[in-house]
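Engineer: Task: produce atomic coordinates for the following.
(4 chains)
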4 protein chains.
Amino acid sequence: MHSRRLKIGVMGSASGPQIEDPVARKKATSLGYEIAKRNHILINGACPGLPHDSLLAAKEQGGLTIGISPAFSEYEHINEYLSPAGHDIIMFTGMGFMERDIINIRSSDAVVIIGGGIGTLNELTIAYEEGRPIGIITNSGGISNAIPHIVEELCRRKIPPNMVFDDDPVKLLDKLEVAIREYPLPIHEDGRVKDMKQGRG
Amino acid sequence: MHSRRLKIGVMGSASGPQIEDPVARKKATSLGYEIAKRNHILINGACPGLPHDSLLAAKEQGGLTIGISPAFSEYEHINEYLSPAGHDIIMFTGMGFMERDIINIRSSDAVVIIGGGIGTLNELTIAYEEGRPIGIITNSGGISNAIPHIVEELCRRKIPPNMVFDDDPVKLLDKLEVAIREYPLPIHEDGRVKDMKQGRG
Amino acid sequence: MHSRRLKIGVMGSASGPQIEDPVARKKATSLGYEIAKRNHILINGACPGLPHDSLLAAKEQGGLTIGISPAFSEYEHINEYLSPAGHDIIMFTGMGFMERDIINIRSSDAVVIIGGGIGTLNELTIAYEEGRPIGIITNSGGISNAIPHIVEELCRRKIPPNMVFDDDPVKLLDKLEVAIREYPLPIHEDGRVKDMKQGRG
Amino acid sequence: MHSRRLKIGVMGSASGPQIEDPVARKKATSLGYEIAKRNHILINGACPGLPHDSLLAAKEQGGLTIGISPAFSEYEHINEYLSPAGHDIIMFTGMGFMERDIINIRSSDAVVIIGGGIGTLNELTIAYEEGRPIGIITNSGGISNAIPHIVEELCRRKIPPNMVFDDDPVKLLDKLEVAIREYPLPIHEDGRVKDMKQGRG
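Structural biologist: So this is what the prediction gives:
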């Protein structure tokens, strides 16, 4: 199915203390560089912070980059959301953060989580609920080391086979490419319920 | 502003082990009963589980109840989402769980979280990001006792003054009514950023 | 299926010359009165103009009324959208006019069109595409007499059997109640395509 | 503002008699070819019909193409929506036709309408309401010659200065590029109301 170039979404801290952490920033940069080097398309929320570090690295490497903005216009994006606009392509959804997060994830063949606070946790729950392949860059601050704890201990759900973990962005992308190939997406919206008519928590 | 009847959203476990826990179920029932008794409107996601326990209690008490369904039609709601349809009013959004969650929260003047797994965590992050008054019924299983841990320790954000906690539904509603009165909602979508032009994490 | 009270959506001119026309306003008032008298729930977009005339009449008759607002907050609704807020229940979608229109229609078991400009034409196309029962109050200005012309001559599509016409709101509601009973809704979003796997224009 | 490549949305008949008309198909092909030749990005709804004729021409010319699909997955897109998937990039919104139409338009710096039935009329009303630059390819069947009639005579609204008309796709793109440059977009969602706090019809 994936004769088109893969789109890898990079989601993570856009503000807060995590975006100053040099270790997390270095991983974000390495991630963006590697996405471009593999000829994948980098998608992010057109936000500042760690996903922006990845964007800059992908751009430097000559990669194709797409931003999914919560804003309606470039003016609103820059002046009210105070967000960067260096992507090759920006989709101005006009739908605000919460619906933007949904489109962001569905536009990505797989999602990489790096660092991350409440906004990133929102994206993680969407990606999880919708069966999207997810790669977690561990040791990148925020929620990055707590996801099995949140999913298994707090929410009492399972880590799905297409959720992979590594603290090295290169190895993570290797694992994620396998997950994309081996675990097909649900067919329908809410496919985990509707494709098979089971429950949801 | 609130001359209209208050709408209280009840969100929590719709499947998984939490919905069998007798303590959680009793709290859900007491919550629904109390919402109706205070002449508030009960809103839920038209799902099974703990929010449905609240619905049944509110109905028994003669309360007005609204369900925000992910399904497009009553047929899909019942036969594919396997969801209950005893509400006075059901909005069939046709938008699936994720967008439904957004509408669910925005339709509620305040949100009560009871038990809860990944889907509820999604709703919590939306309500948090959008500044909605939130009441947590503690000791109701799932994520209910872990929210300060998630918000403060993992996400490194603050518990806002309009997020209140109690393990007694009656006392929780008392606190929540104060929070609704005293802390006005953001004006705009993404108001925490756009009303004041600050960052977001 | 419809043991719940029917929800009748009233959509039409919210601004422009149509909202000053005394004939259209009288029909809108009669429509709202009749919806309430039949114990149906009146839904509108929480906008000014003809749908607001219907709202006022339904309220006077003691009917239950719901507004689906494009705004995020009551403050934005009143002060920026300059819209009325006398409904029993208002859903603040925060989604703007265009997505609000979709929710408006899906929340209504049937839609009545009165007068109407571009915004109403948007709602008509949604209701048509999604197979919703539609009642047109003819001789109410705007697009109200041109719908067969638009659908059949310009768009070269058919008037479906659940689209009914009358210049008398009382007779129109009679016809619409028959249409609701006799022509079941599509099951899924995009059901006209997906329920039967056919094309779309 | 437009240092990024322009994105031109092509919207029009995806089914019905219009897609068999050789004149319309030739214009659609010429349009797609010209968009690519000018180094603009072609966006369409990832649908069959006239927008697909444009896509094929843009691809042949080596242009970059993006599809905004109503489906959640490639499988659903191809097998249930029966839609083509030859684009360089496809966004699987999972949101169905109606919300897809909104994203389609907002993703495009300007929209070209060719032929068109009810679905296209839906897109036209969105683009009009949201102040998007619109180019109409006249003499391409469907609603293409009736838009001033619909807007001015039926809806009693004005043709805005950034809506342009030509039956020659090359000349139309010339006019549209001027409209994009000279008439800035509204800043906010519902900007025609909220940027200036005026009414809406």
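Engineer: for chain A, which helix is longest?
Structural biologist: Across chain A, the longest stretch assigned as helix under DSSP state H is helix A:22-37.
Engineer: I'd like the next helix or strand past that helix.
Structural biologist: strand A:41-44 (DSSP states H and E).
Engineer: how about that next one against chain D, any contact?
Structural biologist: Yes - looking at strand A:41-44 against chain D by CB under 8 Å from any CB of the partner chain, the contacts come from residue A:41. C-beta here means a position set from N, CA and C on the backbone, and glycine is covered the same way.
Engineer: Can you name every helix or strand that the longest helix of chain A contacts?
Structural biologist: strand A:7-12, strand A:41-44, helix A:50-60, strand A:110-114, helix A:169-182 (3 or more CB pairs under 8 Å, 6 or more residues apart in numbering or on different chains; DSSP states H and E).
Engineer: Spell out which parts of chain A neighbour chain C.
Structural biologist: By CB under 8 Å from any CB, the residues of chain A that approach chain C are A:94, A:95, A:96, A:99.
Engineer: Now flag whichever of those residues is closest to residue D:128.
Structural biologist: Taking CB to CB as the measure, residue A:94 is the one of these closest to residue D:128, at 15.3 Å.
Engineer: The closest one and residue A:71 touch, don't they?
Structural biologist: Yes - under the criterion of CB atoms under 8 Å, residue A:94 makes contact with residue A:71 at 6.8 Å.
Engineer: rewinding a little: by neighbours, which of the residues of chain A next to chain C wins?
Structural biologist: Of all the residues of chain A next to chain C, residue A:95 has the most neighbours under the rule other CB atoms under 10 Å in any protein chain shown, reaching 30 neighbours.
Engineer: Please list the residues of chain A that sit near chain D.
Structural biologist: A:1, A:4-5, A:7, A:41, A:66, A:72-76, A:87-95, A:103, A:106-107, A:130, A:184-189, A:191.
Engineer: what comes up buried for stretch A:132-145?
Structural biologist: A:132-138, A:140-145 (16 or more other CB atoms under 10 Å in any protein chain shown).
Engineer: now, which of these lie within strands?
Structural biologist: A:134, A:135, A:136, A:137 (DSSP state E).
Engineer: how about a markdown table for the helices and strands packed on helix A:22-37, with mean neighbour count added?
Structural biologist: Compiled in a markdown table, the helices and strands packed on helix A:22-37 are given as follows (neighbours: other CB atoms under 10 Å in any protein chain shown):
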| stretch | mean neighbour count |
| --- | --- |
| strand A:7-12 | 29 |
| strand A:41-44 | 28 |
| helix A:50-60 | 24 |
| strand A:110-114 | 28 |
| helix A:169-182 | 18 |
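Engineer: before we move on, the earlier item: out of the residues of chain A next to chain C, which one sits closest to chain D?
Structural biologist: residue A:94 (4.2 Å; CB to the nearest CB).
Engineer: Kindly indicate whether the closest one is helix, strand or coil.
Structural biologist: Under DSSP: H, G, I helix; E, B strand; the rest coil, the three-state class of residue A:94 is coil.
Engineer: Can you read off the pLDDT for it?
Structural biologist: We have a pLDDT of 98 for residue A:94.
Engineer: Point out where chain A drops to low pLDDT.
Structural biologist: Within chain A, the segments meeting pLDDT under 70 span A:1-2, A:196-201.
Engineer: picking up where we left off before, relative to residue C:23, which of the ones in strands among the buried residues of stretch A:132-145 is nearest.
Structural biologist: Ranked by distance to residue C:23 (CB to CB), these are led by residue A:134 at 59.0 Å.
Engineer: State the distance from the closest one to chain D.
Structural biologist: Separation of residue A:134 from chain D (CB to the nearest CB, to the nearest Å): 16 Å.
Engineer: Then residue A:37?
Structural biologist: In terms of CB to the nearest CB, residue A:37 sits 19 Å off from chain D.
Engineer: The closest residue to that residue other than its chain neighbours: neighbour count?
Structural biologist: Using CB to CB, 6 or more residues apart in numbering or on different chains and skipping the chain neighbours, the partner closest in space to residue A:37 is residue A:61 (5.8 Å). Residues near residue A:61, counting by other CB under 10 Å, number 15.
Engineer: and of the helices and strands packed on helix A:22-37, who's closest to residue D:158?
Structural biologist: Across the helices and strands packed on helix A:22-37, residue D:158 has its closest neighbour in strand A:41-44 (38.3 Å, CB to CB).
Engineer: Tell me how far that closest one lies from the chain's centre.
Structural biologist: Between the centre of strand A:41-44 and the centre of its host chain there is 8 Å, according to CA atoms, centre = their mean, to the nearest Å.
Engineer: one step back: out of the residues of chain A next to chain D, which are inside strands?
Structural biologist: Among those, the ones falling in strands (DSSP E) are A:7, A:41, A:66, A:89, A:90, A:91, A:92.
Engineer: Stretch A:62-74: which residues count as buried?
Structural biologist: Across stretch A:62-74, burial judged by 16+ other CB under 10 Å covers A:63, A:64, A:65, A:66, A:67, A:68, A:69, A:70, A:71, A:72, A:73, A:74.
Engineer: Report the two of these separated the most.
Structural biologist: A:63 and A:72 (26.6 Å).
Engineer: need the helices and strands packed on helix A:22-37 in TSV with distance to chain B, can you?
Structural biologist: Conversion of those to TSV gives the following (distance: least, CB to the nearest CB, whole Å):
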stretch	distance to chain B
strand A:7-12	10
strand A:41-44	14
helix A:50-60	10
strand A:110-114	13
helix A:169-182	18
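Engineer: picking that back up, which of the residues of chain A next to chain D are buried? Put it as a PyMOL command.
Structural biologist: A single PyMOL command selects the buried members of these (16+ other CB under 10 Å):
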select buried, chain A and resi 4+7+41+66+72+73+74+75+76+87+88+89+90+91+92+93+94+95+103+106+107+130+185+186+187+188+189+191
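Engineer: follow-up on the earlier one: wait, what's in contact with the residue nearest to residue A:37?
Structural biologist: For residue A:61, the contacting residues are A:32, A:33, A:36, A:37, by CB atoms under 8 Å, 6 or more residues apart in numbering or on different chains.
Engineer: export stretch A:171-184 as CSV, just CAs?
Structural biologist: Taking C-alpha atoms only, stretch A:171-184 is exported to CSV below (Å, rounded to 0.1, in the frame of the first residue of the first chain):
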residue,chain,number,x,y,z
LYS,A,171,16.8,2.8,16.0
LEU,A,172,13.3,4.0,16.8
LEU,A,173,12.6,4.7,13.1
ASP,A,174,13.9,1.3,12.2
LYS,A,175,11.4,-0.2,14.6
LEU,A,176,8.6,2.1,13.5
GLU,A,177,9.1,1.2,9.8
VAL,A,178,8.6,-2.5,10.8
ALA,A,179,5.5,-1.6,12.8
ILE,A,180,4.0,0.3,9.9
ARG,A,181,4.6,-2.6,7.5
GLU,A,182,3.5,-5.4,9.8
TYR,A,183,0.4,-4.0,11.6
PRO,A,184,-2.1,-2.6,9.2
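Engineer: what distance separates that stretch from the middle of the whole chain?
Structural biologist: Per CA atoms, centre = their mean, the displacement of stretch A:171-184 from the mean C-alpha position of its chain is 14 Å.
Engineer: cool, and stretch A:172-187?
Structural biologist: Averaging C-alpha positions (CA atoms, centre = their mean) puts stretch A:172-187 14 Å from its chain's average.
Engineer: Kindly report the same for stretch A:149-168.
Structural biologist: So, by CA atoms, centre = their mean, the centroid of stretch A:149-168 is 15 Å from its chain's centroid.
Engineer: again, but for stretch A:177-196
Structural biologist: Computed by CA atoms, centre = their mean, the chain-centroid distance of stretch A:177-196 equals 17 Å.
Engineer: quick one: what helix or strand has residue A:46 in it?
Structural biologist: Under the criterion DSSP H and E, no helix or strand holds residue A:46.
Engineer: quick one, what contacts it?
Structural biologist: Per CB under 8 Å, 6+ apart, neighbours of residue A:46: A:67, A:68, A:69, A:70, A:77, A:83, A:84, A:85, A:87, A:90.
Engineer: With residue A:17 instead?
Structural biologist: A:141, B:156.
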